[in-house]
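Trainee: here are the coordinates; sequence isn't available:
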């Protein structure tokens, strides 16, 4: 029956003469004679090209072209868009674009539009199931916009899809279930519902959005559609009567309050919207309260609140259903008063009150209307970013739909539509799944986007069947196959390759775990060696698996308030815990005994047999600096303030007048440029390693500027037991900052520990000694 399928708008029978239909269409358009001739020529070109190819469906192609053109024109697009809509019906459009036939005959603008529509036709939608379905569809919608040079091409494609769905709906009764044609129609309907209907909504083409949703609903769930249609039709008269009653009451009350110029309307929801609400709330049709939304448009804010007070005066408001988005606008700028009240006959009704200007923003400003209708659980920060994008896109759509925009220097160029999503790239997996990544993302970023384990073992990738390295930057539409090896592990230089925060976090987490293992191994070795040496000196034998060992170890853990031995050896390896003190506690040396030992050393009193023995004839190591110059200790030395050498680095001495020997790093510029005759061999005294004194060393850190990052870096450095003497902050380009820390370090190992610790902090990009 006629009521069993969605009604197709502005349809033209295939028996109608296509040329006549086109003339009728152009008569309704406000275009110049030149544009009229261009559209007619495009239609003639289509017919001639189709006949030359021996296409038996030439007549149908011409009719389809007029129908697509009709939909394009209904969106108030320009003549170039209408002509492009006609030409995209050409079977050989790909060949015509490639050999520049269209460009030669119709110009670069129309050829560019046809090329963009053709490119959109090549995007195949892979339907996903489960929790990833929404994000997958969203990625496709973004990709459609990101890969299009001219936003008008998206609107032409939308018109083409609308006409296709209309034809499928008309042909559906003749298609048997389970056939290939039936499956193809279902696939088109699913893609339309997931991709094109939401795009129509976001672009502000609400009429097409409603039609596409209802048509897809009919194709996917025909029985449910027909049943819901019958249920709604049964109460249509009652619902209309109720709508008129509410509008009548509201009109009387507004007039009584002196609000004579307000506009009151009631909007019934379409079938798919009703079905979605029933599904979301798990309710039957009779239980859905707000099948009709009433709207009151006022002149100013005062009238809005006056109207609200009047409504609450005649009907009781429903608790927790009042929202003042005027006083507290949504993050996307949406403003309105929303209230649900108990209306006539005890039925809940929803009323929206706003000014006419707010209504214009709500209807035409895509961000507000879209987010209000499609809540997908994103963060407010993400919503605001997407709102700005689609708000700009909506401005572009408004611009290209205006009757005339020549000479308007303040509006946006439609080509700018491509820039809306230029900070993302859209990548396909070999199975056809689509992923959105940050612009500049590499093959390694993609591997980590798929799975952390895949990223850790990534050895390369095959992009569009071509081998590429890890650092290869991906482009829109690339198909990427990740190459994996179980022998591969992340490297520190991967932090310079990856661009996405996910990949960076994964690499850092792996490196941090590796460094933790290294700290544990080093700490275990240090503790065991020191314990063995001290126990041997005391004549104590302690087995690692003995009960005595475990008892003594528990004392150490209790002393440091640690959970287990792992934390102990890790702390020793990181330098947080003194291995000497830990062994003292383990062996049971009392603080009193240690203090007495220290006092004995200060007063020269020997307290061990070793100290009673004959002193070595060589000079004792200088505890002050620990440098051996020319084979001699206790030489007056100083350190170059330019290179500030640290224990563990290669050094040399330079003889100075009146200041003894100045110690430089071997690669210090002052040392390299000095007189060779003044140079002298210098080494670190291994016997004085425990007496190394901390000295100021400057470390430069480049980081992504964000709140709290300085505190995080400072806390990270302090956790190593290293003092910060000062820090200087500077702004860098591209949202980055630079910090120069002056740290008190004793050795090259200290510097390496600081570097490793800082590099695992989120936002830290590089660490180097200045």
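Mentor: Perfect, thanks for sending it. If you're wondering where the values come from, they're calculated on a predicted model, not measured in any experiment. Residues are numbered from 1 along each chain as shown.
Trainee: does residue 563 count as helix, strand or coil?
Mentor: With DSSP: H, G, I helix; E, B strand; the rest coil as the basis, the three-state label of residue 563 is coil.
Trainee: which residues does the residue lying closest to it once chain neighbours are set aside contact?
Mentor: Excluding its sequence neighbours, the residue lying closest to residue 563 (Cβ to Cβ, 6 or more residues apart in numbering) is residue 557, at 7.4 Å. Backbone N, C-alpha and C define where each C-beta goes, glycine included. The contact partners of residue 557, by Cβ atoms under 8 Å, 6 or more residues apart in numbering, come to 563, 564, 565, 567, 568.
Trainee: same check on residue 501?
Mentor: Counting by Cβ under 8 Å, 6+ apart, residue 501 makes contact with residue 762.
Trainee: ok, back up a step: do you know how far the residue nearest to residue 563 is from residue 525?
Mentor: Residue 557 is 19 Å from residue 525, where distance means Cβ to Cβ, to the nearest Å.
Trainee: residue 122 too?
Mentor: As judged by Cβ to Cβ, residue 122 and residue 525 stand 61 Å apart.
Trainee: so which of those two has more stuff around it?
Mentor: Higher neighbour count among residue 122 and residue 525: residue 525, with 14 against 9, using other Cβ atoms under 10 Å.
Trainee: what does the pLDDT read for that one?
Mentor: Here the pLDDT value assigned to residue 525 is 83.
Trainee: report the buried residues of the helix or strand where it lies.
Mentor: If you go by DSSP states H and E, residue 525 is part of helix 501-538. Neighbour counts over helix 501-538 (16 or more other Cβ atoms under 10 Å) mark 503-504, 506-508, 510-511, 515, 519-520, 522-524, 526-527, 530-531, 534 as buried.
Trainee: what do you get for stretch 679-698?
Mentor: 682, 683, 684, 685, 688, 692, 695, 697.
Trainee: among these, find me the one that's closest to residue 203.
Mentor: residue 697 (58.1 Å; Cβ to Cβ).
Trainee: tally of neighbours for the residue nearest to the closest one when sequence neighbours are not counted?
Mentor: Spatial nearest neighbour of residue 697, chain neighbours left out: residue 745 (4.7 Å); criterion: Cβ to Cβ, 6+ apart. Residues lying near residue 745 (other Cβ under 10 Å) number 24.
Trainee: of the buried residues of stretch 679-698, which one scores lowest on pLDDT?
Mentor: Comparing the buried residues of stretch 679-698 by pLDDT, residue 692 comes last, at 68.
Trainee: ok, residue 695 touching residue 649?
Mentor: No - Residue 695 is not in contact with residue 649 according to Cβ atoms under 8 Å; the separation is 11.9 Å.
Trainee: list the buried ones in stretch 631-647?
Mentor: In stretch 631-647, counting by 16+ other Cβ under 10 Å, buried: 633, 635, 637, 639, 640, 643, 644, 645, 646, 647.
Trainee: closest to residue 34 among these?
Mentor: residue 643 (76.1 Å).
Trainee: wait, what's in contact with that closest one?
Mentor: Counting by Cβ under 8 Å, 6+ apart, residue 643 has contacts 664, 665, 667, 668, 669, 670, 671.
Trainee: what about it, which SS state?
Mentor: coil.
Trainee: and it, how far from residue 219?
Mentor: Relative to residue 219, and taking Cβ to Cβ, residue 643 is found at 76 Å.
Trainee: quick one, helices of the stretch 351-500 of the chain?
Mentor: 356-364, 366-373, 380-401, 443-450, 452-456 (DSSP state H, counting those that start in this stretch).
Trainee: mind telling me which of the ones you listed the model trusts least?
Mentor: For the helices of the stretch 351-500 of the chain, where the average pLDDT is lowest is helix 366-373, sitting at a mean of 34.
Trainee: surely residue 518 and residue 573 touch.
Mentor: Yes - using Cβ under 8 Å, residue 518 is in contact with residue 573, at 7.1 Å.
Trainee: could you pull up the residues touching the closest residue to residue 503 other than its chain neighbours?
Mentor: The shortest distance from residue 503 to any non-neighbouring residue, by Cβ to Cβ, 6+ apart, is to residue 448 (3.8 Å). By Cβ under 8 Å, 6+ apart, the contact set of residue 448 is 454, 455, 458, 498, 500, 502, 503, 506, 507.
Trainee: residue 459 too?
Mentor: Here residue 459 is in contact with 470, 483, 484, 485, 488 (criterion: Cβ under 8 Å, 6+ apart).
Trainee: quick one: which of these sit in strands?
Mentor: The strands, defined by DSSP state E, take in 483, 484 from those.
Trainee: buried ones among the contacts of residue 459?
Mentor: 470, 483, 484.
Trainee: only the buried residues of the strand or helix carrying residue 213, if you could.
Mentor: According to DSSP H and E, residue 213 maps onto helix 206-220. Buried residues in helix 206-220, defined by neighbour count with 16+ other Cβ under 10 Å: 208-220.
Trainee: same question for stretch 555-562.
Mentor: 556, 557.
Trainee: now swap in stretch 446-462 and tell me
Mentor: Neighbour-count burial for stretch 446-462 [16+ other Cβ under 10 Å]: 446, 447, 448, 449, 452, 455, 456, 457, 458, 460, 461.
Trainee: quote the end-to-end distance of that stretch.
Mentor: 12 Å (Cα to Cα, to the nearest Å).
Trainee: stretch 683-694 now?
Mentor: This stretch, stretch 683-694, spans 17 Å end to end (Cα to Cα).
Trainee: go on, stretch 628-639?
Mentor: 13 Å.
Trainee: how far off centre is it?
Mentor: 58 Å (Cα atoms, centre = their mean, to the nearest Å).
Trainee: so for that stretch, mean pLDDT?
Mentor: 77.
Trainee: got it, and stretch 464-482?
Mentor: On average, stretch 464-482 scores 89.
Trainee: other residues contacting that stretch?
Mentor: 143, 146-147, 425-430, 437, 440-447, 450, 454, 458-463, 494, 497.
Trainee: got it, and stretch 697-709?
Mentor: Here stretch 697-709 has contacts from 644, 646, 713, 731-732, 735-745, 751, 754-755, 758, 761, 763-770, using Cβ under 8 Å, 6+ apart.
Trainee: pretty sure residue 499 is touching residue 443, no?
Mentor: No - with contact defined as Cβ under 8 Å, residue 499 does not reach residue 443; the gap is 11.1 Å.
Trainee: check contacts around the residue nearest to residue 697.
Mentor: 646, 694, 695, 697, 722, 751, 754.
Trainee: got those residues as TSV, with distance to residue 474 and secondary structure columns?
Mentor: Formatted as TSV, those follow (distance: Cβ to Cβ, whole Å; DSSP: H, G, I helix; E, B strand; the rest coil):
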residue	distance to residue 474	secondary structure
646	42	coil
694	46	coil
695	46	strand
697	40	strand
722	40	coil
751	36	helix
754	34	helix
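Trainee: so which of those is the closest to residue 31?
Mentor: residue 754 (70.3 Å).
Trainee: before we move on, back to that, tabulate the buried residues of helix 206-220 (JSON lines), appending distance to residue 335 and pLDDT.
Mentor: Converted to JSON lines, the buried residues of helix 206-220 look like this (distance: Cβ to Cβ, whole Å; pLDDT from 0 to 100):
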{"residue": "208", "distance to residue 335": "26", "pLDDT": "84"}
{"residue": "209", "distance to residue 335": "22", "pLDDT": "85"}
{"residue": "210", "distance to residue 335": "24", "pLDDT": "86"}
{"residue": "211", "distance to residue 335": "29", "pLDDT": "89"}
{"residue": "212", "distance to residue 335": "28", "pLDDT": "92"}
{"residue": "213", "distance to residue 335": "26", "pLDDT": "92"}
{"residue": "214", "distance to residue 335": "30", "pLDDT": "92"}
{"residue": "215", "distance to residue 335": "33", "pLDDT": "92"}
{"residue": "216", "distance to residue 335": "32", "pLDDT": "92"}
{"residue": "217", "distance to residue 335": "31", "pLDDT": "92"}
{"residue": "218", "distance to residue 335": "36", "pLDDT": "91"}
{"residue": "219", "distance to residue 335": "37", "pLDDT": "91"}
{"residue": "220", "distance to residue 335": "36", "pLDDT": "90"}
